Every structure is written in C-alpha cells, then in structure tokens.
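Colleague: Sharing a model prediction with you, sequence too.
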Amino acid sequence: MGKSIYQSFWERKHQQKKSFAVLIDPDKVNAHSLKDVVSLALDASVDYFFIGGSLVVSHFLDEAVKQVKQECDIPVILFPGSPSQISQYADALLYLSLISGRNPELLIGQHVISAPAVKKSRLEIMPTGYMVIDGGAPTTVSYISNASPIPSDKNEIAVCTAMAGEMLGMKLIYMDAGSGARKPITENMISEVAGSIEVPLIVGGGITDPEKAYLNCKSGADVIVIGNAIEKDPSLIREMSAAIHASSVRVP
Ligand code: 1GP
C-alpha cells in the first residue's frame, strides 16, 4: 500500500515544503474545461486537487473525480459542503467539523447521519477542524449553517479555536475566508494560528494573486487552496504554483 495522503501532508510540512491545492467546484466545470485544468496542473506540479463546493447542484461530482483520476495521479481530496458530496472514486475526504460555528449539525449532527456511508466508502478520512473567517462577504456555509464567521481581526479567537480543534483530535486545521472572499485572511492571523498548532494548516478564500499566496506560506500556511481565481483564469495555475513552491524553505 502506498503512503497515505495525510502522511504526505505531514511530511511536506516537516520538510517545510509548501503545497498547492486547486479547488474544483463540480458545478462550475465540464469535461472540456476540466481537461484543461488537469493538464495545466500537471505542467505546474500542483500537489492536490480538492473537489467540492458549498452547494453542489449538478450531478457531475462522480464524473469529475473519475475524469481527474483517469488523467493524472495528483491526489483527489473531497471537500464536501454536505454529506451528499461523497464520491467513492476519490482518494480521501476532508472530514470537516465547523469548529468556528456553534451549529451542532455541522459540528457532529450530519456526521452521525452519514457515518455508515462514509465508512463504507473506504476513502481515507482526514478529520479537519474547519474555521470560517470573515472575508468581507457572507459565505454560503455561514448562511446555510446560520453560524457566524470569526471576525477577521480577532486573532485570539482563531488561535484558541485552532488549538481546541487540535486537542480534540483534528488532524488538519482549515482556515477559510470563503470562496470569492473580498478580504482574504490576514498574514497576521495565519502566523499566530500556525504558531499555536502542530498539525498542517490549510488556508484559502479570496486568494487571487501569487504574491498573496507566497506571503500566506511565509506566514505559516502549509497548504494554499485556490478556486475562484483559477476558474476565472486557469492559466494562473502556473504562477500560483511557482509562488507557493518558491516559498518552501530549501533544505541543502
Ligand atoms: C473556498 O478556500 C476555498 O472554500 C477557496 O476559495 O474560491 O476564493 O479561491 P476561492
């Protein structure tokens, strides 16, 4: 058996190698556009694909995952907005608990209901503390869950939430300003959170330029997730990947 995807997150973090995850929303791609994204991602040495969206209304999820698996060997990780977004064809699942919110349904309720199906899927399960940070625009997840995001300047709340998530056993912390956020998460908050946890830190939401991606990595993000900006201009994959990978500390 090959090494687990989580192990790759962990090892890359400890080798101070930064990772780039391209987010694919199955509602916003078709077979043709997906083929282009996969080919650009292969050329640019993208590390992971995340697949999912807050509200997947199309039936393209399984097809999208199968297509990516056929065309490349970049790991495909589900980033589900709801328990219905599970595809057995993927490699792993971000098993998200919305720890920044206070809605029991997204902390544990939906997990209980979907547990038998998730277990049966044989996906690699990666318990993830999911923290929504205010990105200057209401996010679908906040609206649907009726859960407020963490204010963008309340670093101490973000730090304590991440620490609590880690001590509860979460293997990853994902800070998200929401897809298309007007204000991405500040470097200040990223650096304080990164300094208070041991597990890999994923950061996303509203990152539109390579410089921001680079600075986020330098502040302590281990994985950068980009969706919207790439949907608008897939050729950005190359520059984003170069910036993220250039921020890795080179070990002689
Ligand atoms: C959203 O973190 C992801 O959940 C990515 O956000 O689509 O704004 O890049 P963008």
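Modeller: Happy to help now that I have it.

Colleague: Low-confidence stretches in this protein?
Modeller: Under the criterion pLDDT under 70, the flagged ranges of the chain are 1-2, 56, 251-252.

Colleague: Name the residues of it found near the ligand, please.
Modeller: Near the ligand, the residues belonging to the chain are 23, 176, 179-181, 204-207, 225-229 when assessed by C-beta under 6 Å from any ligand atom. (Glycine included, C-beta is placed from N, CA and C.)

Colleague: Mind doing that once more with 5 Å?
Modeller: Within the chain, the positions near the ligand by C-beta under 5 Å from any ligand atom are Leu23, Asp176, Ser179, Gly180, Gly204, Gly205, Gly206, Val225, Ile226, Gly227, Asn228.

Colleague: Count the neighbours of the residue nearest to Thr139 when sequence neighbours are not counted for me.
Modeller: Counting by C-beta to C-beta, 6 or more residues apart in numbering, Gly178 is the residue found nearest to Thr139 once chain neighbours are left out, at 3.3 Å. When neighbours are counted by other C-beta atoms under 10 Å, Gly178 registers 25.

Colleague: Run through who's touching stretch 234-241.
Modeller: Among residues not part of stretch 234-241, those counted as contacts by C-beta atoms under 8 Å, 6 or more residues apart in numbering are 20, 22, 33, 36-37, 40-41, 43-46, 210, 213, 224, 226, 229-230.

Colleague: Phe9: what secondary structure?
Modeller: Here Phe9 is recorded as helix under DSSP: H, G, I helix; E, B strand; the rest coil.

Colleague: tell me the contacts of it?
Modeller: Residues near Phe9 by C-beta under 8 Å, 6+ apart: Ser19, Met126, Leu172, Pro200, Asp222, Val223.

Colleague: List just the nearest of these to His59.
Modeller: Proximity of the contacts of Phe9 to His59, judged by C-beta to C-beta, is greatest for Met126, which lies at 25.1 Å.

Colleague: secondary structure element for that closest one?
Modeller: strand 124-132 (DSSP states H and E).

Colleague: From Ala158, how far out is the residue nearest to Ser8 when sequence neighbours are not counted?
Modeller: Counting by C-beta to C-beta, 6+ apart, the nearest residue to Ser8 once its immediate chain neighbours are dropped is Pro75, at 7.5 Å. Pro75 sits 27 Å away from Ala158, going by C-beta to C-beta, to the nearest Å.

Colleague: who's more crowded, these two?
Modeller: Here Pro75 and Ala158 are compared on neighbour count by other C-beta under 10 Å; more neighbours surround Ala158, at 25 against 21.

Colleague: Tell me how far the more buried one lies from Lys183.
Modeller: Per C-beta to C-beta, Ala158 is found 14 Å from Lys183.

Colleague: now swap in Thr208 and tell me
Modeller: Thr208 sits 11 Å away from Lys183, going by C-beta to C-beta.

Colleague: Which one of the two is surrounded by more residues?
Modeller: More crowded of Thr208 and Lys183, by other C-beta under 10 Å: Thr208, with 18 against 15.

Colleague: give me every residue that touches the more buried one.
Modeller: If you count contacts by C-beta under 8 Å, 6+ apart, Thr208 has them with Pro184, Asn228, Ala229.

Colleague: repeat that with 10 Å
Modeller: Listed by C-beta atoms under 10 Å, 6 or more residues apart in numbering, the contact partners of Thr208 are Gly180, Ala181, Pro184, Ile226, Asn228, Ala229, Ile230, Lys232, Asp233, Leu236, Met240.

Colleague: Can you tell me which of those are buried?
Modeller: Burial by neighbour count, 16 or more other C-beta atoms under 10 Å: within the contacts of Thr208 this picks out Gly180, Ala181, Pro184, Ile226, Asn228, Ala229, Ile230, Leu236, Met240.
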